[in-house]
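J.: What shape does this take:
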Amino acid sequence: MDSKLIAKATAKVLISYLTYQAMRTVVNQLRETNPGEAIWLSSYNPTDTLQDGDAYLQALMQERKKLALRIMTVREHLADEIVDFLPEMTRTGISQSNTDHRRRMLERMTQVAPAAEAPEAERLPGDASSESQSNDDDSDEAIAT
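T.: Presented below is the predicted three-dimensional model:
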């Protein structure tokens, strides 16, 4: 496991996601000040979609420089606001998620089988499920004779 490569790939994904969030923020701002530009930007979809934020900005730079610069400014502001909280939020989120998954797995592994699936020796006399099964057995015998 190469931690540096994983960190680099994670940072690239985060940068692209912040580019997407910055674009959404700019679209929302433009809806109030310049609805036509907001419509254009929200429908703008170059061949390299926002999966790669840098490619998106490069393509947008060719179309509308002002919008690309605005998105870059907003993206930088978003990064400044959240980057300090990310390590702890990530650790806490992963820890909580792992705990939840382990709890569910343990619950599934330790579930008691329903009474219908339990062996007859484990059933209590007078148990409704054992009586209904014996009634079913009697009806099967009646059909067979």
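J.: From the chain's centroid, how far away is the host helix or strand of N28?
T.: N28 is located in helix 3-33, with elements delineated by DSSP states H and E. The chain centre lies 17 Å from the centre of helix 3-33; the measure is C-alpha atoms, centre = their mean, to the nearest Å.
J.: Could you pull out the buried residues of that helix?
T.: The neighbour-count check on helix 3-33 (16 or more other C-beta atoms under 10 Å) flags S16, L18, T19, Y20, Q21, A22, M23, T25, V26, V27, L30 as buried. Where you see a C-beta, it was placed from the backbone N, CA and C, and this is true even at glycine.
J.: which one among the residues you listed gets closest to E63?
T.: Proximity of those to E63 (C-beta to C-beta) peaks at M23, which lies at 13.0 Å.
J.: what about the residue nearest the centre of the chain, which helix or strand?
T.: Using C-alpha atoms, centre = their mean, the residue of the chain that lies closest to the mean C-alpha position is S97, 11.1 Å off. If you go by DSSP H and E, S97 is part of helix 86-110.
J.: tell me the angle that helix makes with helix 3-33.
T.: Interaxial angle of helix 86-110 relative to helix 3-33 (axes from the mean of the first three to the mean of the last three C-alpha atoms, to 10 degrees): 110 degrees.
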